[in-house]
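Undergrad: Generate coordinates for the sequence data below:
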Amino acid sequence: MLKRVLILSASAGAGHIRAAEALEKAFNELGTLEEVRHLDVLNYTNKLFRHFYSKAYIDLVNKMPEVPGWMYDKLDKPWKNERRRLALDKLNTRPLVKLLREYQPDMIVCTHFLPAEIVSWLKAKERLKSRQVVIVTDFDVHAMWLVHHYEQYFVAIDEARAYLEAIGIPADKITVSGIPIDPVFAQTKDKIEMRKKHQLDLERTTILLSAGGFGVGSVEPLIAALKPVQYPIQVVAICGRNEDLRKRLARSAAKTKSDEKVLLRPVGYTQEMDEYMSAADLVLGKPGGLTTSEALAKGLAFIIVNPIPGQEERNSDHLLEAGVAIRSNNLPTLSYKLDRLLGNPQLLKRMQAQSQQLGRPNAARAIVERITTLVRSA
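TA: Below you'll find the predicted structure:
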């Protein structure tokens with residue numbers, strides 16, 4: 001019987017945390033569990049290791065994105081580097097190991113590969129009885145997600161299932177669920193009503209620009225590149241926790257006249273992303289796994305700009321193949337490519353319809369239901 005669930009994520013970017021929070025909410029909706037706990041495993045590592053996994057990674061993404069991209073490709077060799085990686089992780093996660101051995105939950109749900117590897121090792125040594133499921137929070141399954149001791153993998157798309165089967169993961173241990181997002185994204189909200197609520201222009205094409213949960217990325221050059229656009233648009237720039245960025249954009253927006261082609265609306269950290277997405281027509285920026293899944297749930301088309309080499313490049317490939325995205329590799333041509341899309345409203349509608357079809361707004365609930373079924377049948 002499922003009584004205690006421990007959800008493990010890592011604050012290396014915002015996506016893993018948001019996926020865990022979505023699952024926590026879905027588990028709590030069951031109303032049958034004694035306890036659901038969500039922990040950021042980086043709080044149970046040493047300071048140097050924690051710095052590398054969080055701040056150092058974000059700094060690399062912003063300043064030298066080719067480095068994490070190179071590392072991503074170099075390490076993507078199934079089962080090749082696991083011993084060295086596990087030795088490093090064991091050395092730096094002793095507080096986490098202690099917590100797991102003392103707590104012994106019925107089910108451990110991992111939305112990041114670091115705790116999945118540690119849990120698998122403890123299970124192999126018979127030092128942990130808990131069951132484990134692994135939630136892959138990108139569209140591709142990188143080798144770092146691969147572990148030996150688990151009950152189920154949950155993946156975003158059918159291609160990820162095919163990949164896992166091809167490298168030896170049993171088909172009955174793979175569920176194509178989509179990436180878990182907050183269940184609120186399954187609620188239908190009227191576009192015009194959401195624009196009214198958030199004081200947006202009711203008629204203009206609305207573009208959501210997400211700088212990510214921590215407000216990283218070169219947002220101002222993106223906005224400047226949109227200036228030559230020929231169609232009237234409004235850009236809702238989600239700045240996350242970067243208050244300095246929000247203030248700079250607010251000063252810029254205050255200088256804009258209401259009849260200009262591009263209107264700018266900066267927004268700080270918000271828990272109403274579902275409403276801003278409901279108000280939007282397109283999403284502009286980097287295709288992280290969680291933001292992409294949220295946008296698909298709301299039927300948005302994508303304008304991909306400067307994806308991070310590695311996982312976001314691969315996410316981009318899937319979106320382009322699915323016909324829900326265009327990509328601008330050079331900022332000077334961004335307005336040109338956007339004008340071409342807006343000049344073809346039928347194409348934009350097809351992209352939005354396909355996006356809606358691909359979306360899995362109920363992924364978190366589906367995962368929770370599958371986990372409870374696994375426990376009952378065990």
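Undergrad: Was I right to think residue 18 contacts residue 288?
TA: No: look at residue 18 against residue 288 with C-beta atoms under 8 Å: they stay out of range, at 9.7 Å. Backbone N, C-alpha and C define where each C-beta goes, glycine included.
Undergrad: what helix or strand is the spatially most central residue of the chain on?
TA: Here the mean C-alpha position of the chain is nearest to the C-alpha of residue 290 (C-alpha atoms, centre = their mean), at a distance of 2.0 Å. Using DSSP states H and E, the element containing residue 290 is helix 289-297.
Undergrad: So which residues make contact with that helix?
TA: Applying C-beta atoms under 8 Å, 6 or more residues apart in numbering, the external contacts of helix 289-297 come out as 14-15, 18-19, 137-139, 156, 178-179, 181-182, 185-186, 208, 210, 212, 273-274, 277, 283, 285, 302, 311, 315, 319, 324, 355-356, 358-361, 363.
Undergrad: can we see that at 6 Å?
TA: Residues outside helix 289-297 that contact it (C-beta atoms under 6 Å, 6 or more residues apart in numbering): 15, 18, 137-138, 179, 181, 185, 210, 283, 315, 355, 358-359, 361.
Undergrad: So which of those sits lowest on pLDDT?
TA: Least confident by pLDDT among the contacts of helix 289-297: that is residue 210, with 78.
Undergrad: Identify the bridge partners of it.
TA: residue 238, residue 285 (DSSP bridges).
Undergrad: Helices of the stretch 51-200 of the chain, start to end?
TA: Remark: helices assigned in the stretch 51-200 of the chain by DSSP state H, counting those that start in this stretch are 57-63, 66-75, 82-92, 94-103, 113-124, 158-166, 191-197.
Undergrad: Return the most buried member of these.
TA: Mean neighbour counts were compared across the helices of the stretch 51-200 of the chain using mean count of other C-beta atoms under 10 Å; the top stretch is helix 113-124, at a mean of 23.
Undergrad: what angle do that one and helix 94-103 make?
TA: Using axes from the mean of the first three to the mean of the last three C-alpha atoms, to 10 degrees, the interaxial angle of helix 113-124 with respect to helix 94-103 works out to 50 degrees.
Undergrad: other SSEs contacting helix 113-124?
TA: Packing partners of helix 113-124 (3 or more C-beta pairs under 6 Å, 6 or more residues apart in numbering; DSSP states H and E): helix 82-92.
Undergrad: show me the residues around residue 347 that make contact.
TA: For residue 347, no residue meets the contact criterion (C-beta under 6 Å, 6+ apart).
Undergrad: For residue 110, grab the count of nearby residues.
TA: Counted with other C-beta atoms under 10 Å, the neighbours of residue 110 add up to 29.
Undergrad: what's the closest non-adjacent residue to it?
TA: When the adjacent residues along the chain are set aside, residue 110 lies closest to residue 116, with 4.0 Å between them (C-beta to C-beta, 6 or more residues apart in numbering).
Undergrad: tell me the pLDDT at that neighbour?
TA: Per-residue confidence (pLDDT) for residue 116: 94.
Undergrad: tell me the contacts of it?
TA: When the contact criterion is C-beta under 6 Å, 6+ apart, the partners of residue 116 are 110, 134, 147.
Undergrad: Tell me the spacing between the last one and residue 121.
TA: Summarising the geometry, the distance separating residue 147 from residue 121, computed by C-beta to C-beta, to the nearest Å, is 8 Å.
Undergrad: And residue 162, by the same measure?
TA: Separation of residue 162 from residue 121 (C-beta to C-beta) stands at 27 Å.
Undergrad: Quick check: residue 270 is in a helix.
TA: No: according to DSSP: H, G, I helix; E, B strand; the rest coil, the state of residue 270 is coil, so it is not within a helix.
Undergrad: Tell me, how many residues neighbour it?
TA: Applying other C-beta under 10 Å, we find 13 other residues in the vicinity of residue 270.
Undergrad: Just the ones of the contacts of residue 116 in strands?
TA: 110, 134 (DSSP state E).
Undergrad: could I get the contacts of residue 116 as JSON lines with distance to residue 249 and pLDDT?
TA: Below are the contacts of residue 116 laid out as JSON lines (distance: C-beta to C-beta, whole Å; pLDDT from 0 to 100):
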{"residue": "110", "distance to residue 249": "36", "pLDDT": "97"}
{"residue": "134", "distance to residue 249": "38", "pLDDT": "98"}
{"residue": "147", "distance to residue 249": "42", "pLDDT": "94"}
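Undergrad: Just give me the closest of the contacts of residue 116 to residue 268.
TA: Ranking the contacts of residue 116 by separation from residue 268, with C-beta to C-beta as the measure, puts residue 110 on top at 30.3 Å.
Undergrad: List the contacts of that closest one.
TA: Each residue near residue 110 by C-beta under 6 Å, 6+ apart is listed here: 8, 116, 134.
Undergrad: Show me what it bridges to in the sheet.
TA: residue 8, residue 134.
Undergrad: And it, how far from residue 345?
TA: When C-beta to C-beta is applied, the distance between residue 110 and residue 345 equals 43 Å.
Undergrad: Please apply the same query to residue 29.
TA: Distance, residue 29 to residue 345, using C-beta to C-beta: 39 Å.
Undergrad: Likewise for residue 288?
TA: Between residue 288 and residue 345 the distance, using C-beta to C-beta, works out to 28 Å.
Undergrad: quick one, what contacts the spatially closest residue to residue 115 that is not a sequence neighbour?
TA: Nearest in space to residue 115, with sequence neighbours left out and distances taken as C-beta to C-beta, 6+ apart, is residue 8 at 3.8 Å. When contacts are counted by C-beta under 6 Å, 6+ apart, residue 8 touches 39, 41, 110, 115.
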